[in-house]
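Chemist: Quick one, structure for this:
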Amino acid sequence: MLFLLLVKASNRSEAGLFPDPLLQEAMTAFNRDLVEAGVRVMAKGLHPTREAVRFSFHQPNEEPDVTSGPFEPSSDQLAGFILIDVASREEAIIWARRMPDPQGHGEGQIELRQVFE
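Modeler: The predicted structure follows:
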């Protein structure tokens, strides 16, 4: 079963600030554990939304509105993701609970979503 761990953005990540070295080490160790367990499919961070473009479809068969970032609020945006392939929802929850606070400073939030297959 495929699951996405969606890493929510924060004011710090939207400002392009990287986590402190201790948090980077903890995230590296977590990713290494995922790889060694054979469950990590992919993991990537995303550039801040100031570099993003949003396409909004308001009417069927019409051109979308195009808006350049940044987008607010930061907490509604994504800073990265990890795609895992596990045997069950329960296993995905166990892995998500092991993930360090991805933003540090008590600002991190992870959303776990199953992928349609």
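
Chemist: C-alpha only now, for contacts and for neighbours.
Modeler: Noted.

Chemist: Which secondary structure elements does the worst-scoring helix or strand of the chain on mean pLDDT sit against?
Modeler: When the helices and strands of the chain are compared on mean pLDDT, DSSP states H and E, helix 11-14 comes out lowest with a mean of 91. Helices and strands touching helix 11-14, as assessed by 3 or more C-alpha pairs under 8 Å, 6 or more residues apart in numbering; DSSP states H and E, are absent.

Chemist: Any buried residues in that helix, and which?
Modeler: Residues of helix 11-14 classed as buried by neighbour count (16 or more other C-alpha atoms under 10 Å): 12-14.

Chemist: Out of those residues, the closest to Ser88 would be?
Modeler: Ser13 (30.6 Å; C-alpha to C-alpha).

Chemist: The closest one reaches Gln103, doesn't it?
Modeler: Yes - the pair Ser13 / Gln103 is scored as a contact, 7.3 Å apart, by C-alpha atoms under 8 Å.

Chemist: Of all the helix elements in this structure, which one is longest?
Modeler: helix 21-36 (DSSP state H).

Chemist: Just give the number of residues close to Glu62.
Modeler: 8 (other C-alpha atoms under 10 Å).

Chemist: and it, what pLDDT?
Modeler: Note on Glu62: pLDDT of 95.

Chemist: distance of it from Ala52?
Modeler: 22 Å (C-alpha to C-alpha, to the nearest Å).

Chemist: circling back to that earlier point, restricting to C-alpha, output the longest helix of the chain in PDB.
Modeler: Provided in PDB are the C-alpha atoms of helix 21-36 (Å, rounded to 0.1, in the frame of the first residue of the first chain):
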ATOM      1  CA  PRO A  21      22.100  20.600  11.700                       C
ATOM      2  CA  LEU A  22      20.700  18.400  14.500                       C
ATOM      3  CA  LEU A  23      17.300  18.200  12.800                       C
ATOM      4  CA  GLN A  24      19.000  17.500   9.400                       C
ATOM      5  CA  GLU A  25      20.900  14.600  11.000                       C
ATOM      6  CA  ALA A  26      17.600  13.200  12.600                       C
ATOM      7  CA  MET A  27      15.800  13.400   9.200                       C
ATOM      8  CA  THR A  28      18.800  11.700   7.500                       C
ATOM      9  CA  ALA A  29      18.600   8.900  10.100                       C
ATOM     10  CA  PHE A  30      14.900   8.600   9.600                       C
ATOM     11  CA  ASN A  31      15.200   8.400   5.800                       C
ATOM     12  CA  ARG A  32      18.100   5.800   6.200                       C
ATOM     13  CA  ASP A  33      15.800   3.700   8.400                       C
ATOM     14  CA  LEU A  34      13.000   3.900   5.700                       C
ATOM     15  CA  VAL A  35      15.500   2.800   3.000                       C
ATOM     16  CA  GLU A  36      17.000   0.000   5.200                       C
END
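
Chemist: That concludes my questions; thank you for your assistance.
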